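In: Next input, structure requested:
(one chain, ligands or ions: 3)
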Amino acid sequence: MNIRIALPSKGRISGPAVELLEKAGIGLTDNSNRKLFSNTFDPEISVMFTRAADIPEYVADGAADMGITGYDLVLEKDVDVEILEDLNFGTTRLVIAAPEDSPIKTKEDLKEIKTIATEFPTITRKYLKDNDIDAKILSLSGATEVAPLIGVADVISDLTSTGTTLKMNHLREIDTIISSSVRLIANKDSMKEKYEKIEEIETGIIGVLHADGKKLIMANVNKNDLEDVKDAMPGMSGPTVSEVYGNPNVVAVHSVISEKEVFKTINKLRKVGARDLLVIPIERILEDIQ
Ligand SMILES: Nc1ncnc2c1ncn2[C@@H]1O[C@H](COP(=O)(O)OP(=O)(O)OP(=O)(O)O)[C@@H](O)[C@H]1O
Ligand SMILES: O=P(O)(O)OC[C@H]1O[C@H](OP(=O)(O)OP(=O)(O)O)[C@H](O)[C@@H]1O
Ligand SMILES: [Mg+2]
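Out: Ligands and ions are numbered 1, 2, ... in the order given. Reported below is the predicted structural model:
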């Protein structure tokens, strides 16, 4: 069962997409720059590199069985693909923004606009229609922020994440059209014909997402201290307690904890008598550990 996955060839989401596949065990065997295709460690899985914006169409028409790209781009292309997972990177919002000195200050004021400049005409057109705003769309392919400054549009719709670009261009947010992040998508026919393999890939990726920000913490404790140690472990699944061979008074405990809890937990554990503490990175979690 051969599966082809479309990955972004450049831009901010390209590196993280490749890294996610690698962590899921689907490393690329030939990732030299500018290659359009690569095989992976799994002989049934290959990847193709294209612009992020083209991935929704390639997946929809079956040129690729699966893809990794932004939700904004899937909506903009208005194609029918299966959205499998939110991959939690490339997080951004498509917003309407107006110059700081413009009379357009609130969503209600948008009724007054004549032109809106955007790289996302499809999504923006739908927003205008849903909100009864009668304005012309100026479709641009980048640097949308300059449009109001040079007088070709009253407002823009553009992506923002930190807000720096809007601020630098003296633009003020008026409304959020959509929130977006990177998604794992699949072709609908492939979902039927190659479900088993697609599910394997999805499971591998989910495992990496679950492991994100988690550590395995291990320690030896005297049996007498076990209750205190259990209380000190914020454990998502436990803690798990195992016998230490040859030492009947000591047990080993381990637990999966959030990275943020590590410092506090180690200190607590030491105070209640835990020793031989280990904090270990986790690559993948294949169970639903809560
Ligand atoms: N400032 C941002 N913060 C987070 N994600 C973003 C940001 N800008 C764009 N993205 C997301 O990155 C994805 C790819 O965008 P795009 O193809 O424009 O790549 P890029 O990193 O902007 O590179 P380039 O525009 O130079 O090709 C889109 O889904 C988009 O939502
Ligand atoms: O809120 P911020 O963190 O400033 O991010 C927003 C900016 O990021 C994107 O541009 P990008 O860097 O992709 O450049 P581009 O316009 O050339 O695609 C987007 O089009 C905004 O201009
Ligand atoms: Mg960009």
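In: Neighbours of residue 124, how many?
Out: Neighbours of residue 124 under the rule other C-beta atoms under 10 Å: 26. Placement of C-beta: from N, CA and C, glycine included.
In: So which elements touch the one helix or strand it maps to?
Out: Remark: residue 124 resides in helix 121-130, with elements defined by DSSP states H and E. Applying 3 or more C-beta pairs under 8 Å, 6 or more residues apart in numbering; DSSP states H and E, we find helix 121-130 packed against helix 71-77, strand 92-99, strand 115-118, strand 136-139, strand 155-160, strand 171-180.
In: what about the residue of the stretch 151-290 of the chain found nearest ligand 1, how many neighbours?
Out: Distances between the stretch 151-290 of the chain and ligand 1 by C-beta to the nearest ligand atom are smallest at residue 161, namely 3.5 Å. Residues near residue 161, counting by other C-beta under 10 Å, number 12.
In: Ligand 2 contacts on the stretch 1-150 of the chain?
Out: Contact residues (C-beta under 6 Å from any ligand atom) of the stretch 1-150 of the chain with ligand 2: 142, 143.
In: any weak-confidence spans in the stretch 1-150 of the chain?
Out: The stretch 1-150 of the chain contains residues with pLDDT under 70 at 31-34.
In: Do you have the strands of it handy? List them.
Out: Per DSSP state E, counting those that start in this stretch, the stretch 1-150 of the chain carries strands over the ranges 3-8, 37-39, 45-50, 66-70, 82-86, 92-99, 115-118, 136-139.
In: of those strands, which approaches residue 178 most closely?
Out: Of all these, strand 92-99 sits nearest to residue 178, with 5.0 Å by C-beta to C-beta.
In: Reduced to three states, what does residue 227 come out as?
Out: Secondary structure, DSSP: H, G, I helix; E, B strand; the rest coil: residue 227 is helix.
In: How many residues are close by it?
Out: For residue 227, the neighbour count with other C-beta under 10 Å is 11.
In: re the thing from before, deepest-packed of the strands of the stretch 1-150 of the chain, please.
Out: strand 66-70 (a mean of 29; mean count of other C-beta atoms under 10 Å).
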